[in-house]
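Engineer: sequence unknown, structure follows:
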């Protein structure tokens, strides 16, 4: 199925105030891949994500999602294909109840009421939040909000999931649960994160952005072993690859 | 009273709407209409009417007890606003000194009566509005109003306002706490820092609005709002509506207090 493919070619983006956020970004992500986009603050990760569902238009370069180039006329189709989960769930959950929020996307797709109902139930079931359906979003905990935010996207049956900092602000237990939930998804997945241990758990491939350019693109393990590269891009090895702080013994799985 | 505390009140009020009582289960439209009729009736009384207003306390009393609302909480919220109401009526006793009622040797001027009337009426109407929110919830009120002809744009505006009120309240609570912690004594709590603080909140709200809009677009928003239609205006709602309306109208034209008073004085004379 070719509509799971993301093809970015020579993407450049300069903001109106002259900041060049993306200087030259190219990559191709194929069906079923799980890819992390990592980089220091200000490396251009968020700007890149905002291009993937057409919120920002490239200054130059090209983006293809599946069979479509990203243009104004293909936007609705692309926004259904690419499910975008935002970093702050409060930005994403704006309807009076969880149910209404999860139903928001399917209704906008023009689905009939029963189908919407079914999708809402399935999506909430999938993230283990069925019991929250009638609650207003502002009464949920951080972990619950995050899972509901994912459900709001799942209900549109996207082929590609894009998530900005999925584990930020979660306690260790909620983080674990989220990681195992994400591991089970069969979508093409793209994450940005500073949680490099999560990246190691979930992504076989990583793209390192540095000052608006792709600095490295390859298997996650290889990238994390390259200490010079990491230092250059203001990154560090994931904690689980670093030596034990108590006994000093390394436990790098190499 | 800090932002945090008033925010807790708002949260509590919001949670009340999740109650499971007979009043909660009524169609929101019935409740909105009854409250509207109640408010209009109470306001329609003349400026010196006071005794006729007393029987109207029955509506909030019944709603609070059947809806199992915490009476103390509702009363506190109303009392909180009463100083402002008093400001509205406080000049009446000064300008209107004509004696209207005599209780023994004490003459009560029209000004005092109209002032009290204003306070009582405000308490009644405010109470009714609070109770309506408590037994219905703002989102349901909004969709009820929309079904009864309020423009959709307005309904959506109110819903968004309400949703992000909670976020904004938390945010401003954090900001003002941060300011308090770093201002010692009176320094740092002045007007100047306050205005910059509010400015920052405004800018942040703006940025959030942008992100929310982005999230809406990402899920295919095209200007239409769809919601579940689950209202069912049944016999119970009809009875609720007509029962209260009949009571309000008869109490409007027929002074129960005076009747009871006449009855009593008739018996004793």
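Structural biologist: On my side now, so go ahead. Computed from a predicted structure; not experimentally measured.
Engineer: which non-adjacent residue is nearest the closest residue to chain A within the stretch 1-150 of chain B?
Structural biologist: Sorted by distance to chain A under CB to the nearest CB, the residues of the stretch 1-150 of chain B start with residue B:139, at 3.5 Å. Using the backbone N, CA and C atoms, a C-beta is placed for each residue, glycine as well. Nearest residue to residue B:139, sequence neighbours excluded (CB to CB, 6 or more residues apart in numbering or on different chains): residue A:96, at 3.5 Å.
Engineer: picking up where we left off before, next up, identify which helix or strand the residue of the stretch 1-150 of chain B closest to chain A is on.
Structural biologist: For residue B:139, the host element (DSSP states H and E) is helix B:138-147.
Engineer: tell me the mean pLDDT over that helix?
Structural biologist: Across helix B:138-147, pLDDT averages out at 86.
Engineer: next helix or strand past it?
Structural biologist: helix B:152-182.
Engineer: which strands and helices sit next to whichever helix or strand comes after that following helix?
Structural biologist: Downstream of helix B:152-182, the next assigned helix or strand under DSSP H and E is helix B:191-218. Packing partners of helix B:191-218 (3 or more CB pairs under 8 Å, 6 or more residues apart in numbering or on different chains; DSSP states H and E): strand A:82-85, helix A:89-92, helix B:152-182.
Engineer: what about the longest one, distance to the chain center?
Structural biologist: Here the centre of mass of C-alpha atoms in helix B:152-182, compared against the chain's by CA atoms, centre = their mean, to the nearest Å, lies 19 Å away.
Engineer: returning to what we had before: go through the helices and strands packed on helix B:191-218 and name the closest to residue A:199.
Structural biologist: For residue A:199, the closest of those is strand A:82-85, at 15.9 Å, according to CB to CB.
Engineer: Please identify the pairing partners of that closest one and their relative orientation?
Structural biologist: Strand A:82-85 has the following sheet partners, assigned by DSSP bridges: strand A:160-164 (parallel).
Engineer: Kindly calculate the angle that the partner strand makes with helix B:191-218.
Structural biologist: Orientation of strand A:160-164 against helix B:191-218 (axes from the mean of the first three to the mean of the last three CA atoms, to 10 degrees) gives an angle of 170 degrees.
Engineer: Enumerate the positions of strand A:160-164 that are buried.
Structural biologist: Residues of strand A:160-164 classed as buried by neighbour count (16 or more other CB atoms under 10 Å in any protein chain shown): A:160-164.
Engineer: cool, stretch B:213-225 as well?
Structural biologist: Applying 16+ other CB under 10 Å to stretch B:213-225 flags B:214-221, B:225 as buried.
Engineer: Export these to a markdown table and append columns for pLDDT.
Structural biologist: Listed next are those as a markdown table, based on pLDDT from 0 to 100:
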| residue | pLDDT |
| --- | --- |
| B:214 | 87 |
| B:215 | 88 |
| B:216 | 87 |
| B:217 | 87 |
| B:218 | 86 |
| B:219 | 86 |
| B:220 | 83 |
| B:221 | 83 |
| B:225 | 71 |
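Engineer: Between which two of these is the distance greatest?
Structural biologist: B:214 and B:225 (17.3 Å).
Engineer: quick one, helices of chain A?
Structural biologist: Remark: helices assigned in chain A by DSSP state H are A:45-52, A:75-81, A:89-92, A:98-108, A:113-126, A:142-154, A:172-184, A:196-202, A:220-225, A:227-232.
Engineer: and the direction of the fifth one versus that of helix A:98-108, what angle?
Structural biologist: The one in question is helix A:113-126. Relative orientation of helix A:113-126 versus helix A:98-108 (the same axes, to 10 degrees): 130 degrees.
Engineer: Residues contacting helix A:113-126, please?
Structural biologist: With contact meaning CB atoms under 8 Å, 6 or more residues apart in numbering or on different chains, helix A:113-126 is reached by A:98-99, A:102-103, A:106-107, A:111, A:130, A:132-133, A:148, A:151-152, A:154-157, B:228.
Engineer: Show me which of these are buried.
Structural biologist: A:98-99, A:102-103, A:106-107, A:111, A:130, A:132-133, A:148, A:151-152, A:154-157.
Engineer: what's the burial count for residue B:25?
Structural biologist: Residues lying near residue B:25 (other CB atoms under 10 Å in any protein chain shown) number 12.
Engineer: give me phi/psi at it?
Structural biologist: In terms of degrees, to the nearest 10, the main-chain angles of residue B:25 are phi -80, psi -10.
Engineer: and it, what pLDDT?
Structural biologist: At residue B:25, the pLDDT recorded in the model is 88.
Engineer: interface residues of the stretch 1-150 of chain A facing chain B?
Structural biologist: A:50, A:53, A:55, A:76, A:79-80, A:82-84, A:86, A:88, A:90-92, A:94-97, A:99-100, A:103-105, A:107-109, A:113, A:134, A:136-139 (CB under 8 Å from any CB of the partner chain).
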